[in-house]
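# Let me see the structure of the following:
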Amino acid sequence: MYIAGLHRKLIANSRGSGVIEMLVTLGVTSIVLSIYVANLTSLRDPLQDGASSLVGFFKLARARAISTTSAVLIEPGAAGRITASTATNCNAATFDPIPNLFLDMPPGITTPDTTWSVCFSPRGLADDSPMVYLSDGEGRYKQLEVFLGGAVRLQ
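Next up, the predicted model:
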């Protein structure tokens, strides 16, 4: 009989906690969802996407120069394309294009200054330290700095 009475008390106490548990669950879920949505809106920025892609492209070209022990030249091409070519060293007279190593910028993103170029030596060192600017149609811009040691910083 004592066990039956205890069982009734537990059932009576657990009925009211369902609503509280549901409210706490909904509160936590709404907080997680708001953080998720806030992070998704930053992914819709083509300028940031283009700048991050260009940083990754510089790192990829530098890694290729080190792994193949050849120089890799990166320069802007036509219509928002960044191209890469290779030679034995950065002072070579001619560079051979690397057909599968290029970067197409997102639509609307351009490199206003097309006079820059960076050559990564077989040791991964850059021959110059240019500032590369990306801009969109709204007047915003991002600036990338390539260091002589081969590192790239997005500002």
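
# going forward, measure contacts and count neighbours with C-alpha atoms only.
Fine.

# any idea how far Leu73 lies from Glu138?
Distance, Leu73 to Glu138, using C-alpha to C-alpha, to the nearest Å: 30 Å.

# of these two, who's got more company?
Leu73 (27 against 7; other C-alpha atoms under 10 Å).

# Wait, a strand at the more buried one?
Yes - assigned with DSSP: H, G, I helix; E, B strand; the rest coil, Leu73 falls within a strand.

# Correct me if wrong: it contacts Asn89.
No - at 9.5 Å, Leu73 does not count as touching Asn89 under the criterion of C-alpha atoms under 8 Å.

# What are the boundaries of the helices in the protein?
For the chain, applying DSSP state H gives helices covering 2-41, 46-68.

# Nearest to Pro97, out of the ones you listed?
Closest to Pro97 of those is helix 46-68 (C-alpha to C-alpha; 12.4 Å).

# mind checking how far the closest one is from the chain centre?
The gap between where helix 46-68 is centred and where its chain is centred comes out at 9 Å by C-alpha atoms, centre = their mean, to the nearest Å.
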